[in-house]
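Got a predicted model here, sequence first, then my questions.
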Amino acid sequence: MVQAHIRKAVDADIQAISTLAMSSFGTSEGPEIVQLIGDLLVDVTARPVLSLVAIVDGRVVGHVLFSTVRLKPPGQDVSAALLAPLAVHPECQSQGIGSQLVAAGIEQLSDAGVDLVFVLGHPAYYPRFGFFEAGIKGFEAPYPIPEKNAAAWMMRELHPGVIGSTRGQVTCADALADPKYWRE
C-alpha cells in the first residue's frame, strides 16, 4: 500500500484534477467527468462540497468529491452527501489510494455532522467502507436504478440511529440531475 498525503483540494489543483480524471476515465468518459467536477464545484445546490486530493511524490494521483444531497419528502432533519466521482491515476490503482481518499472523506464528513453518505458504485468495492444497499433501507436514488444493478446504489450511516427513522428519495445537486450519471 502506498501512503498518500490526503488534503482538501484547492483552486490550484483544478488542472491536475482534470488531467487525473482524463487519465482515469479515458477519452470516452473523461471529458464528461471533467465537466461534472467543474460543474459540481460551482453548483450552489451541491454545497457544501468536500473535494479531496491524494498526493504522492508531489503529484495529484487521486481525487474524490462529495456533494450535498437532500431527501424527499423535505423537512427531514438529516444531513447527507453523495460520493461522486472518485478517480485514481491508472498507474496508482490497486495501491490503496482510493481507499485512503474514501476513508478520509467519510471521517471528515462525520466530523462535520453529516449523517448519511450515498454512492452509485461497484458493489464489490464500497462495502469495505461500510456501504450497503440503500434501496432495501428505503432510500431511492435520484433516478431509477435497474433491478439488476440495485446493489450498486449504496449508503453508509455515519451516525447511528438515522436509518430506520428516515427514508425517501435522494435529491442530488443540479449538476448531477441528469439520468446519464445514474447508469451503473
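Done, it's in.

Scan the protein for its longest strand.
strand 59-72 (DSSP state E).

Neighbouring strands - and their directions - for that one?
strand 50-56 (antiparallel), strand 80-88 (antiparallel), strand 168-171 (antiparallel) (DSSP bridges).

any chance of the ones you listed in TSV, plus mean neighbour count?
(Glycine included, C-beta is placed from N, CA and C.) Formatted as TSV, the strands paired with strand 59-72 follow (neighbours: other Cβ atoms under 10 Å):
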stretch	mean neighbour count
strand 50-56	20
strand 80-88	24
strand 168-171	17
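
Out of those, which gets the lowest mean score?
Lowest mean pLDDT within these: strand 168-171, a mean of 92.

what about dumping the CA coordinates of that strand to CSV?
Provided in CSV are the C-alpha atoms of strand 168-171 (Å, rounded to 0.1, in the frame of the first residue of the first chain):
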residue,chain,number,x,y,z
GLY,A,168,-37.1,8.8,1.0
GLN,A,169,-35.8,9.8,-2.4
VAL,A,170,-32.4,11.3,-2.6
THR,A,171,-32.3,14.6,-4.5
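
Number the residues from 48 up from this point.
Shifting the count to begin at 48 puts that one at strand 215-218.

Please state the offset of it from the chain centre?
16 Å (Cα atoms, centre = their mean, to the nearest Å).

swap in stretch 97-117?
On Cα atoms, centre = their mean, the centre of stretch 97-117 falls 10 Å from the chain's centre.

wait, is residue 146 part of a strand?
No. Assigned with DSSP: H, G, I helix; E, B strand; the rest coil, residue 146 falls outside any strand and is helix.
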